[in-house]
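Enquirer: next input, structure requested:
(chains A and B)
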Amino acid sequence: AQTVTQSQPEMSVQEAETVTLSCTYDTSESDYYLFWYKQPPSRQMILVIRQEAYKQQNATENRFSVNFQKAAKSFSLKISDSQLGDAAMYFCAYRSVEYGNKLVFGAGTILRVKS
Amino acid sequence: SQTIHQWPATLVQPVGSPLSLECTVEGTSNPNLYWYRQAAGRGLQLLFYSVGIGQISSEVPQNLSASRPQDRQFILSSKKLLLSDSGFYLCAWSVQLSGKLFFGEGSRLTVL
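Expert: Presented below is the predicted three-dimensional model:
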């Protein structure tokens, strides 16, 4: 079974600075999807970014980018120019292509943004 | 556009009472549907997922059950709630074979 590990329970960043959230996963599959979701205090889950494992190029969405290291099974999220609105719980998630009906989530990382 | 709604938003129930949480998706057909639970300060645990009407896969054995009576309706139930059932329950949907998962607003259940 696939597992997702987020080793940082909590991170802090100064407004306008850059922060990186770590995520590692365990799988024997070669093709899969990886995601970062954001859960603000409203508890609504918001998709931040998606990476397809067969693509070598790292995904980017405005201030959010990932560092995808397939061999190391690492999928970190970099947030540039951090804003107060980025404060939230961030979840890393894995989805198999072959068994594509479910996402497996990590335990989450609380991100605090200091003004 | 697609929308997802789940209700009730907040529920306080005594131990041993039944539970019914409902989730409805609009604007799409034949979605994959999911129920997740998020315990306080913890990640998301997949409880059930469904790829079609009447098709339910259970991920965690427990006193909860799920049903999908219609294509875009997903119901989470229990006959007798336990204290450990307290948590934040999230319904979600995705397009078949797609990677993106879209979540509902969540339902906070407190079992006393």
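
Enquirer: contacting residues around the helix or strand bottoming out on mean pLDDT in chain A?
Expert: Here the helix or strand of chain A ranked lowest by mean pLDDT, DSSP states H and E is strand A:103-105, holding a mean of 86. With C-beta atoms under 8 Å, 6 or more residues apart in numbering or on different chains as the test, strand A:103-105 has contacts from A:1-4, A:35, A:37, A:91-95, B:34, B:36, B:43-46, B:101. All C-beta spots, glycine's among them, are computed from the backbone N, C-alpha and C.

Enquirer: for it, list every residue counted as buried.
Expert: Neighbour-count burial for strand A:103-105, counted by 16 or more other C-beta atoms under 10 Å in any protein chain shown, picks out A:Leu103, A:Val104, A:Phe105.

Enquirer: want to throw those into a markdown table with distance to B:Val95?
Expert: Below are the buried residues of strand A:103-105 laid out as a markdown table (distance: C-beta to C-beta, whole Å):
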| residue | distance to B:Val95 |
| --- | --- |
| A:Leu103 | 13 |
| A:Val104 | 19 |
| A:Phe105 | 19 |
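
Enquirer: tell me where chain A has strands.
Expert: Listed in chain order, the strands found in chain A under DSSP state E are A:3-5, A:10-14, A:19-21, A:24-26, A:32-39, A:46-52, A:60-61, A:64-69, A:74-79, A:88-96, A:103-105, A:109-114.

Enquirer: returning to what we had before: which member of the buried residues of strand A:103-105 is positioned nearest B:Ser94?
Expert: A:Leu103 (8.3 Å; C-beta to C-beta).

Enquirer: so A:Phe35 makes contact with A:Arg95?
Expert: Yes - if you go by C-beta atoms under 8 Å, A:Phe35 and A:Arg95 touch, sitting 7.0 Å apart.

Enquirer: who has more neighbours, these two?
Expert: A:Phe35 (25 against 22; other C-beta atoms under 10 Å in any protein chain shown).

Enquirer: spatially central residue in chain B, please.
Expert: Most central in chain B under C-alpha atoms, centre = their mean is B:Trp35, positioned 3.1 Å from the mean C-alpha point.

Enquirer: for the record, mean pLDDT for the helix or strand it falls within?
Expert: Counting by DSSP states H and E, the element that carries B:Trp35 is strand B:32-38. Here strand B:32-38 scores 91 as its mean pLDDT.
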